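Asker: Here is the input, now give the coordinates:
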Amino acid sequence: MSELKTKQTNASVETFLKRVSDPQQREDAFEILKLMKAATKMQPKMWGTSIVGFGEFHYKYATGHEGDCCLTGFSPRKNALTLYIMPGFQRYKDLMNKLGKFKTGKSCLYIKRLADVDLPTLSQLIRAALADMRDMRTGCK
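Answerer: Got it, this is the predicted structure:
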């Protein structure tokens, strides 16, 4: 079985974010960092080379594949800020309707600019997803 590429590292979150080349995206990333610190009450850690994560949980699939991942996090990707909302979005329809302009994947929330979304609603979404992850997983830290 191959080794996971996205695992927690000792790299500096601040150094990583300072390297974001687009000034607006860099500013937005630092705002997301503050928002996630406040919402999670956790300190950020780098996961792999490009994900700022908060907390940790252990997963194991029926296939036997297992590993560790952050409970929530974000990455300033080239096309959008990507936030990782691990439970997905099905259970958060009311919050999603109030959030603003965004796109989603299975567990990814894509935001072009932080100004496009309502920050209190985003904070609420992060807190709700974190609580749900703790309820769903026994290996959460």
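Asker: Name the nearest residue to the residue most central in space within the chain, ignoring sequence neighbours.
Answerer: Most central in the chain under C-alpha atoms, centre = their mean is residue 73, positioned 2.1 Å from the mean C-alpha point. Beyond its immediate neighbours in the sequence, the residue positioned closest to residue 73 (C-beta to C-beta, 6 or more residues apart in numbering) is residue 53, lying 3.6 Å away. Glycine gets a C-beta too; all of them are placed from N, C-alpha and C.
Asker: ranges for the helices of this structure?
Answerer: Ranges of helices within the chain are 13-18, 23-40, 93-99, 119-136, based on DSSP state H.
Asker: can you pull the contacts of the residue nearest to the centre of the chain?
Answerer: 36, 44, 47, 51, 52, 53, 54, 83, 84 (C-beta atoms under 8 Å, 6 or more residues apart in numbering).
Asker: The same query, at a cut-off of 7 Å, please.
Answerer: Listed by C-beta atoms under 7 Å, 6 or more residues apart in numbering, the contact partners of residue 73 are 47, 51, 52, 53, 54, 84.
Asker: ditto for residue 13
Answerer: 44, 46, 52.
Asker: sorry, back to before: tell me the predicted confidence for the residue nearest to the centre of the chain.
Answerer: If you check residue 73, the pLDDT there is 95.
Asker: what's the lowest-mean-pLDDT helix or strand in the chain packed up against?
Answerer: Across the helices and strands of the chain, mean pLDDT, DSSP states H and E gives its lowest value to strand 57-60, namely a mean of 76. For strand 57-60, the elements it packs on are strand 66-69, judged by 3 or more C-beta pairs under 7 Å, 6 or more residues apart in numbering; DSSP states H and E.
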